[in-house]
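S.K.: Provided below are the primary sequence and the corresponding predicted coordinates.
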Amino acid sequence: MRRCRGPVNRRQFMQVGGLALGGLALPQLLQAKEASGTLKQRKSVIFLFQHGGASQLETYDLKPDAPLAYRSCFSPISTTVPGMDLCEHLPLHAKIADKFSLVRSMHHDVDIHSDGGITVLTGKRPEKLDPTSQSKSDHPCLGAVASHVLGTNETFMPPYVSIPSKIYMIRPAYLGVKHSPFAAGNPAAPSYKPPHLSLPQGMSREELRHRGELVAKLDKLRNDIDSNQNLQGTEEFRDLALQMLTSPQTARAFDLTQESDQTHAAYGRHDWGQACLLARRLAEAGTVVTTIYLNVPKNEAKYTNWDDHILNAGQPGHFAEYMERRLPYMDQAVSALVEDIHERGLDEEIMVVAVGEFGRTPKLRTNSSGTGRDHWAKAYSAFISGGGLKMGQVVGATNSKAEYPIEAPYTPQDLLATIYRHLGINWEQNLIDHSGRPVPILPSGRPIAELI
């Protein structure tokens with residue numbers, strides 16, 4: 001039996017996250033479309049990716065009446081929405097249940113981290129699966145597609161941002177590297193500054209406008225052009241790279257010192273809380289897609305990610321102990337984000353989605369090293385808030401053991417179609433791959449009807 005290597009750990013993730021060029025980075029090389037001529041609030045999505053695969057039974061679909069070997073390790077609590085019970089470690093969620101909806105009937109058939117993530121984030125199941133979880137997407141992800149179709153606005157905000165860095169298994173593929181995400185870094189770091197918007201020490205923004213070195217640095221990328229021409233169009237977006245570096249609007253959007261101590265505290269002074277706070281600021285300023293790598297809330301051994309099988313991250317014991325430490329951070333960050341968006345009257349414009357690449361096995365597994373749940377793509381849950389959708393409801397249902405959907409089954413393609421609809425992108429339109437062939441943004445899928 002091939003052992004699960006698990007998601008990329010924090011150190012590895014940061015190593016692969018961005019390709020820095022001194023004060024610049026590859027994710028800055030974004031689409032250089034004409035400005036739209038309007039500063040109207042853009043539709044946007046904040047996508048919290050629970051890498052590793054969050055257990056549906058310990059979050060949003062508890063099954064307290066199931067046999068002991070299946071039921072949740074936690075007790076359910078009631079919410080402001082009758083019938084929408086949640087995990088006891090999500091009390092802040094429970095208070096705002098009228099401001100989000102749950103889809104409990106998500107499913108697909110890929111139980112591998114990288115390929116499952118590719119399926120969820122691109123809507124295209126890999127033709128050949130990689131059990132080592134090292135695969136990379138052959139098709140562009142949600143953020144790259146949004147960058148390609150919608151481009152930038154007059155503030156020159158990057159249309160696609162990833163916090164703290166890009167998700168390792170996805171790439172812009174045939175859309176070209178200019179549609180890679182801007183890697184924002186960790187906003188919870190002391191004296192945070194977005195690393196790829198920082199100017200070289202001693203250089204003013206005005207001086208940068210006249211520095212030919214910028215062009216020289218960007219030209220170095222030509223040495224890395226691959227056989228698929230993923231770096232094509234470098235000249236096309238040089239100007240935008242400069243405009244982003246010199247734009248006061250962009251600088252303000254990333255400046256978390258603009259927020260009060262009270263707001264920082266409400267979101268939580270940890271990786272997830274500050275990531276959500278930054279994501280809200282970016283969405284307000286014009287970023288279309290912000291992905292948050294919701295891995296661990298703090299970089300300490302006692303905090304593991306969502307891959308809650310036995311010996312996750314090499315840590316022995318019962319997975320519920322690790323989830324009990326982890327869930328309050330998600331509860332605080334996500335509930336603060338949702339409340340903030342609603343209080344600012346932005347719930348029509350901003351959609352928040354939280355989901356992993358799959359769920360966990362309904363039946364617990366136990367051995368001498370501990371207790372856990374393995375990979376399970378046949379049933380999992382998705383959290384959705386805002387986007388002008390119908391909130392305060394549970395969509396779909398699984399059977400008595402949370403093994404598979406029995407009501408209103410939905411796929412990753414359906415969830416992506418719902419997001420594309422919100423952003424004003426026709427998910428049935430074609431993109432053109434490297435060979436010149438048309439490829440639909442989604443091969444299948446329809447918006448989730450109960451939410452519309």
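M.R.: That came through, no problem.

S.K.: now the strands for the stretch 1-150 of the chain?
M.R.: 20-21, 24-25, 44-49, 76-77, 86-87, 101-106 (DSSP state E, counting those that start in this stretch).

S.K.: can you list these in CSV and add mean pLDDT and mean neighbour count?
M.R.: For the C-beta atoms, the positions are set from N, CA and C on the backbone; glycine is no exception. Listed next are those as CSV, based on pLDDT from 0 to 100; neighbours: other C-beta atoms under 10 Å:
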stretch, mean pLDDT, mean neighbour count
strand 20-21, 32, 16
strand 24-25, 34, 24
strand 44-49, 98, 26
strand 76-77, 98, 16
strand 86-87, 98, 24
strand 101-106, 98, 25
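
S.K.: Pro64: which of the ones you listed is closest?
M.R.: Smallest distance to Pro64 across those (C-beta to C-beta): 5.4 Å, for strand 76-77.

S.K.: ok, residues contacting that closest one?
M.R.: Residues outside strand 76-77 that contact it (C-beta atoms under 8 Å, 6 or more residues apart in numbering) are 62, 64, 85-88, 90-91, 94.

S.K.: Quick one: distance of that strand to the chain centre.
M.R.: Between the centre of strand 76-77 and the centre of its chain there are 27 Å (C-alpha atoms, centre = their mean, to the nearest Å).

S.K.: what does stretch 169-181 give?
M.R.: Distance, stretch centre to chain centre, for stretch 169-181: 15 Å (C-alpha atoms, centre = their mean).

S.K.: re earlier: most neighbours among the contacts of strand 76-77, which one?
M.R.: Cys87 (25 neighbours; other C-beta atoms under 10 Å).

S.K.: Can you give me every residue that contacts the residue nearest to that residue when sequence neighbours are not counted?
M.R.: Using C-beta to C-beta, 6 or more residues apart in numbering and skipping the chain neighbours, the partner closest in space to Cys87 is Phe74 (4.9 Å). Going by C-beta under 8 Å, 6+ apart, Phe74 touches 58, 62, 87-89, 320, 323-324.

S.K.: ok, 10 Å please
M.R.: If a contact means C-beta atoms under 10 Å, 6 or more residues apart in numbering, then Phe74 has 55, 57-59, 62, 64, 86-90, 320, 323-324, 327 as its contacts.

S.K.: Where does the prediction get shaky in this protein?
M.R.: Applying pLDDT under 70 to the chain flags residues 1-40, 155, 195-246.

S.K.: now the helices for it?
M.R.: Secondary structure of the chain by DSSP state H: the helices cover 10-16, 91-95, 113-122, 142-150, 205-209, 213-219, 238-246, 248-253, 261-267, 271-285, 319-343, 412-423.

S.K.: Which among those is found nearest to Gly436?
M.R.: Among those, helix 142-150 comes nearest to Gly436, with 16.2 Å by C-beta to C-beta.

S.K.: how about the closest one as CSV, C-alpha atoms only?
M.R.: Extracted in CSV, the C-alpha atoms of helix 142-150 (Å, rounded to 0.1, in the frame of the first residue of the first chain):
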residue,chain,number,x,y,z
LEU,A,142,-10.0,29.7,-11.2
GLY,A,143,-7.7,32.6,-10.4
ALA,A,144,-5.8,32.4,-13.7
VAL,A,145,-9.0,32.2,-15.7
ALA,A,146,-10.4,35.2,-13.9
SER,A,147,-7.2,37.1,-14.5
HIS,A,148,-7.3,36.2,-18.2
VAL,A,149,-11.0,37.1,-18.7
LEU,A,150,-11.3,40.1,-16.5
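
S.K.: Mind giving me the packing neighbours of that helix?
M.R.: When contacts are defined as 3 or more C-beta pairs under 10 Å, 6 or more residues apart in numbering; DSSP states H and E, helix 142-150 packs onto strand 44-49, helix 113-122, strand 160-163, strand 289-293, helix 412-423, strand 430-432.

S.K.: mind checking which of the ones you listed is nearest Gly372?
M.R.: Each of those has some distance to Gly372 by C-beta to C-beta; the shortest is helix 113-122, at 15.0 Å.

S.K.: Am I right that Pro297 is in contact with Ala333?
M.R.: Yes. Using C-beta atoms under 10 Å, Pro297 is in contact with Ala333, at 7.9 Å.

S.K.: between these two, what contacts are shared?
M.R.: Contacts common to Pro297 and Ala333, judged by C-beta under 10 Å, 6+ apart, are 268, 270-273, 275.

S.K.: Neighbours of the nearest residue to Ser335 once chain neighbours are set aside, how many?
M.R.: Spatial nearest neighbour of Ser335, chain neighbours left out: Leu92 (3.8 Å); criterion: C-beta to C-beta, 6+ apart. Leu92: 17 surrounding residues under other C-beta under 10 Å.

S.K.: What of Tyr380?
M.R.: Per other C-beta under 10 Å, the neighbour tally for Tyr380 reads 33.

S.K.: Quickly list what it is bridged to.
M.R.: Judged by DSSP bridges, the bridge partners of Tyr380 are Met106.
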